[in-house]
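A.B. asks: Sequence and predicted structure, then a few things I'm wondering about:
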Amino acid sequence: MPTSMPCPSMRIPIELLTQASFFQFGTVIENPAHSQAPPSLQSPRPEAVSANQGTALKFLDVTHMTNLYGLAPSKKPARAVMNMFVCAPRDLRPHEPSESMPSSWGDIDFDEDDDGDGDRQLFDVKILERHPFTSQTFIPMGLSQTDRHTQYLVIVAPTLPASASQRRTGRAPPYPTPGVKKQKSIKDIFARARPSPFTNEATPPPSIFTKLHPSQRPKGPGLPDLKNLRAFVATGNQAVTYGAGTWHAPMAVIGDRPIDFVVVQFANDVRIEDCQEIEIIPDKNADEGMVVSVDTYPSGRVLVKAGSDPLKSKL
Ligand SMILES: NC(=O)N[C@@H](O)C(=O)O
C-alpha cells in the first residue's frame, strides 16, 4: 500500500451524524429518545427490553463489533481491548474563498455567509487510516448533548475498488479480500455441476459476508475514495463505531476542550494488521487539498450544511 496519495482541492460540508446517513460506514450509538435526527433520517429503534427489576430499559445489540483477524496473514489471534484517547481540539484555519471543487454535495456555496455572526473555519484532512480486521467504537465521556462548545467530527471515506497491482499480488495481503475466490478442488467443481439432490438448487450458497450489516463486510484492499469523503458532526450523547476497514480521519474534536473517548476494538499487536495509514497530499494542480468547511453559530455550535434534511436551526 502506498504511504501517501494525491488529492484534488475539495471542500466538504458537514452533515448531521445519524444512523441513516452513516449506514455504510458503521453504527451510531445513542438513546433514540434523545436523537436529534429529523424524521426522514430516523432509523428503526433497536429492540429494547425491561431490565434491572423494571428500573432500566435495555437496548439490545446497539452496535456491531467485528473481529476479522482470522483472515489476517499473520494468523495471530486478536483480543478485545479498551483504550482511552484524550483528543485535543484541532487547529482550524480561517475560511478563505477558494477555487476548490465542492464534494459530491455539489450544490453548496461554501463562500456564502449564513448569518455573519458565527465563525467560518477550515479543517485540513491530512491523513486517513483504517483498521482492516476490526471495528472500532469511540465512546465520548463527560460531554453532554447540549454542550455547545465542544463537539467532534467523524470523517470517513468509502473504499475504492482494488487496483490492478493490488489484485496481482501473490502474497497474502494485510487486509481481508472478500472478492478473491478460494481455489476450488475438482470435487467441489463437479459437486456444483449438478443440482443438489434435496433442493434441486444449483446456485452456490451466498458468501458468509452478504449476511452481515454493510458496515461489517470486509472492505477489501482499495485506497480511500476521496471524491466521496464525508464529514459528520456528533453530539456528546453519541458514540460511533467505524466498521472494520473503514477509512477515517483520526478523531477531530472541535471546540474548547479535549474529549475523553473510551475506544473498544480488537487488536493482535501486529502493526500493519492493526492500523494502516495514508497521507493525503494536494496534487500539483491543487491549492489546498481535502478540506472540511466548519461553520459555527455564535454559540460555538457546529452548523450542519448537507444531508437530505440539513438542520439550519440551532440544535
Ligand atoms: N480514529 C482515531 O482517532 N484513531 C485511531 O483509529 C487509532 O487507532 O489510532
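C.D. replies: Great, that's in hand.
A.B. asks: From residue 126, how far out is whatever residue of the stretch 101-250 of the chain ends up closest to the ligand?
C.D. replies: Of all residues in the stretch 101-250 of the chain, residue 250 sits closest to the ligand, at 3.8 Å by C-beta to the nearest ligand atom. (Glycine included, C-beta is placed from N, CA and C.) In this view, residue 250 and residue 126 are 9 Å apart by C-beta to C-beta, to the nearest Å.
A.B. asks: Kindly report the residues of the stretch 201-315 of the chain close to the ligand.
C.D. replies: 248, 250-251, 275 (C-beta under 6 Å from any ligand atom).
A.B. asks: same check, this time on the stretch 1-150 of the chain
C.D. replies: 129, 136.
A.B. asks: how about a cut-off of 8 Å?
C.D. replies: Residues of the stretch 1-150 of the chain lying close to the ligand by C-beta under 8 Å from any ligand atom are 83, 85, 87, 129, 131, 136, 138.
A.B. asks: I'd like these laid out as CSV, including secondary structure, neighbour count and pLDDT.
C.D. replies: Putting these into CSV (DSSP: H, G, I helix; E, B strand; the rest coil; neighbours: other C-beta atoms under 10 Å; pLDDT from 0 to 100) gives the following:
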residue, secondary structure, neighbour count, pLDDT
83, strand, 11, 98
85, strand, 15, 98
87, strand, 16, 97
129, strand, 16, 98
131, coil, 23, 97
136, strand, 24, 98
138, strand, 24, 98
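A.B. asks: OK, contacts around residue 31?
C.D. replies: Applying C-beta atoms under 8 Å, 6 or more residues apart in numbering to residue 31 gives the contacts 59, 237.
A.B. asks: er, residue 273 I mean
C.D. replies: Each residue near residue 273 by C-beta under 8 Å, 6+ apart is listed here: 69, 72-74, 76, 132-133, 174.
A.B. asks: Could I have the buried ones of those residues as ChimeraX selection syntax?
C.D. replies: The ChimeraX command for the buried members of those (criterion: 16 or more other C-beta atoms under 10 Å) is given here:
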select :69,72,132,133,174
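A.B. asks: Could you list the low-pLDDT ranges of the protein?
C.D. replies: Applying pLDDT under 70 to the chain flags the ranges 104-107, 113-116, 165-208, 308-315.
A.B. asks: which residues of it fall in helices?
C.D. replies: Secondary structure of the chain by DSSP state H: the helices cover 19-22, 164-168, 186-192, 271-274.
A.B. asks: CA atoms only for the last one, dumped as CSV, please.
C.D. replies: Included here for helix 271-274 are C-alpha records, laid out as CSV according to Å, rounded to 0.1, in the frame of the first residue of the first chain:
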residue,chain,number,x,y,z
ARG,A,271,1.2,-3.2,13.5
ILE,A,272,0.3,-3.4,9.8
GLU,A,273,-2.7,-5.6,10.6
ASP,A,274,-4.0,-3.3,13.5
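A.B. asks: Now it: buried residues?
C.D. replies: Per 16+ other C-beta under 10 Å, helix 271-274 contains these buried residues: 273-274.
A.B. asks: if I look at residue 255, how far off is residue 138?
C.D. replies: Separation of residue 255 from residue 138 (C-beta to C-beta): 16 Å.
A.B. asks: got it, and residue 131?
C.D. replies: 12 Å.
A.B. asks: coming back round to it: residue 120: which of the residues of the stretch 1-150 of the chain next to the ligand is nearest?
C.D. replies: Nearest to residue 120 among these is residue 87, at 22.8 Å by C-beta to C-beta.
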